[in-house]
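> whatever this is, show me its structure:
(one chain, ligands or ions: 1)
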Amino acid sequence: MMKVNIDRNSGFCFGVVNAIETAERYLKEHDELYCLGDIVHNNMEVERLEKIGLKTITHKDLPKLKGATVLLRAHGEPPSTYQTAMKNNIKLLDASCPVVLKLQNHVFNGYKEMKEKDGQVVIYGKEGHAEVLGLAGQTKDEAIIITSEDDLRKIDFTRPIELYSQTTKGKEGFLGIIKAIEKKIKETGMKTEFIVNNTLCGAVSNRAPQLRDFSRQNDIIIFVSGKKSSNGKYLYSVCKETNPRSYFISTLEELQNEWFDDDVQSIGICGATSTPMWLMEKVAKAIENGVTGK
Ligand code: F3S
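Next up is the predicted model:
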C-alpha cells in the first residue's frame with residue numbers, strides 16, 4: 001500500500017505568512033490592493049489572491065498610482081521605492097520581512113564603514129532578485145553582487161571586503177564563496193581585512209537538515225515550488241542530493257506516471273518557504289487518487 005506523507009515543516013515561512021495575511025486583512029474591507037511584484041514566488045498562490053482583489057504591479061507602474069495603497073512584499077525594497085511612494089502620495093502597507101529589514105540596516109551600516117576605509121560591500125545573492133535590489137539600494141547600488149565564483153573577478157582583493165548573503169541562499173554555497181575569497185586574498189600576499197556576516201535566514205537553512213531526513217525516509221520526493229523561488233531551487237537540490245528520486249513540480253499537471261513505479265511505497269511531498277500548504281495537500285490528494293499529469 002502506497003503512503004503519501006506531507007512534510008509538516010515545509011510551507012510558508014513567517015515572513016511570507018505575514019505578507020499574505022496583511023493582504024487578506026486589507027482585502028476583507030477593500031475591493032482591491034496593489035502589490036509591488038509577485039507577493040510570493042508561487043503562481044498558484046498569486047492566482048488565489050488575485051481572485052480576491054490583489055493586483056500585481058511593477059516598479060514602472062508605481063508613479064502612476066497616485067494616492068493608491070500599495071503592499072510591499074516580504075523581500076523588502078530599496079530606499080528609492082519609499083521616495084517614489086512619498087512623492088506620489090502612495091500609502092504603503094509595508095510587509096517587508098523583519099529579517100530582511102534588519103539585514104538592510106546591517107548593510108547600510110557596513111557600507112558607511114567600508115566607505116571610510118575605501119573598502120567594498122559584497123553581497124552573495126542572485127543579481128536582479130528583489131531582495132538583492134533592496135540590499136544594494138542601501139549602498140547607493142555600489143555593492144558588488146556575486147552569484148558564483150566566476151563573479152569574484154569583480155572584487156579587489158587588496159582592499160577591505162565586507163561580505164553579506166541574501167537571506168534565502170544555501171549554506172554550502174555561502175561557505176564555498178567565503179573559502180574562495182580567503183584563497184584569493186592569500187594569493188595577494190597582503191593582510192586584507194575580510195569581514196563575514198552570516199545573514200542566511202534560519203527559516204531556510206534550518207530546513208535543509210530536516211529535508212535531508214525527510215528525503216531519506218521516503219522512496220520518492222515530490223518537491224512543490226514556483227520556478228522563480230531561490231530557496232525552492234536550493235531546498236530541492238538538498239532533496240535531490242539525498243534522494244535521487246526527487247522531482248520538482250510547480251503544478252499538478254507536471255506529475256508524471258512513470259515516477260510512481262510499483263516498488264514505491266512512500267511518497268514524500270515537501271516544498272519551499274513560498275509553497276502554500278493547500279497546494280501540497282492538493283498534490284497529495286491527487287497522487288492518492290491516482291491522478292497524474294502524464
Ligand atoms: Fe523572511 Fe526568512 Fe522568509 S528572511 S521572508 S522569514 S525566508
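> going forward, measure contacts and count neighbours with C-alpha atoms only.
Fine.
> ok, the residue lying closest to residue 33 once chain neighbours are set aside - contacts?
Excluding the flanking residues, the one nearest residue 33 by Cα to Cα, 6 or more residues apart in numbering is residue 54, at 5.0 Å. Residues in contact with residue 54 (Cα atoms under 8 Å, 6 or more residues apart in numbering) are 23, 27, 32-35.
> can you pull the residues of the stretch 101-250 of the chain lying near the ligand?
167-168, 201, 203-204 (Cα under 6 Å from any ligand atom).
> the residues you listed in helices, which ones?
Of these, the ones assigned to helices by DSSP state H are 203-204.
> what residues of the host helix or strand of residue 241 count as buried?
Using DSSP states H and E, residue 241 sits in helix 230-242. Neighbour counts using 16 or more other Cα atoms under 10 Å place 230-240, 242 of helix 230-242 among the buried residues.
> now the residue in the chain positioned nearest to the ligand: closest residue in space that isn't a chain neighbour?
Residue of the chain nearest the ligand, by Cα to the nearest ligand atom: residue 15 (3.8 Å). Nearest non-adjacent residue to residue 15, counting by Cα to Cα, 6+ apart: residue 97, 4.8 Å away.
> what average pLDDT does stretch 205-222 get?
Averaged over stretch 205-222, pLDDT sits at 96.
> need the contact partners of that stretch.
7, 9-10, 168, 170-171, 235, 238-239, 242-243, 245-249, 259, 264-270.
> could I have the buried ones of those residues as ChimeraX selection syntax?
Buried members of the contacts of stretch 205-222, defined by 16+ other Cα under 10 Å, are picked up in ChimeraX with:
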select :7,9,10,168,170,171,235,238,239,242,243,246,247,248,249,266,267,268,269,270
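> among the contacts of stretch 205-222, which ones are in helices?
Checking the contacts of stretch 205-222 against DSSP H, those in helices are 171, 235, 238-239, 242.
> re earlier: among the residues of the stretch 101-250 of the chain next to the ligand, which one sits closest to residue 223?
residue 204 (14.8 Å; Cα to Cα).
> what residues does the residue lying closest to that closest one once chain neighbours are set aside make contact with?
Distances taken as Cα to Cα, 6+ apart place residue 168 nearest to residue 204, at 6.1 Å, with adjacent residues excluded. Contact analysis of residue 168 by Cα under 8 Å, 6+ apart lists 200-201, 204-205, 230-231.
> ok, now residue 259?
With Cα under 8 Å, 6+ apart, residue 259 has these contacts: residue 220.
> where's it relative to residue 252, distance?
For residue 259, the distance to residue 252 (Cα to Cα, to the nearest Å) stands at 14 Å.
> just to revisit the earlier point, ramachandran angles for the residue nearest to residue 33?
With angles defined as degrees, to the nearest 10, residue 54 sits at phi -80, psi 130.
> my guess is residue 27 contacts residue 33. True?
Yes - in this structure, residue 27 is within contact of residue 33 by Cα atoms under 8 Å, at 6.8 Å.
> are there residues contacting both of those two? Which ones?
With Cα under 8 Å, 6+ apart, residue 27 and residue 33 have common neighbours 53-54.
> more neighbours: those two, which one.
The residue with more neighbours, out of residue 27 and residue 33 and counting by other Cα atoms under 10 Å, is residue 33; that gives 21 against 16.
> surely that one and residue 57 touch.
No - counting by Cα under 8 Å, residue 33 stays clear of residue 57, with 10.1 Å between them.
> so residue 221 is in which element?
strand 220-224.
> wait, a helix at residue 281?
Yes - assigned with DSSP: H, G, I helix; E, B strand; the rest coil, residue 281 falls within a helix.
> from the centre of this structure, point out the most distant residue.
residue 189 (36.8 Å; Cα atoms, centre = their mean).
> please work out how many residues are found near residue 105.
13.
> can you give me phi and psi for it?
Here is the backbone geometry of residue 105 (degrees, to the nearest 10): phi -60, psi -40.
> what sits closest to it if chain neighbours are left out?
residue 138 (7.8 Å).
> isn't the one you found up against residue 108?
Yes - at 5.0 Å, residue 138 and residue 108 qualify as touching, with contact defined as Cα under 8 Å.
> looking at those two, which is more packed in?
Just comparing residue 138 and residue 108: by other Cα under 10 Å the higher neighbour count belongs to residue 138, 24 against 19.
> quick one: contacts for that one?
With Cα under 8 Å, 6+ apart, residue 138 has these contacts: 78-79, 104-105, 107-108, 111.
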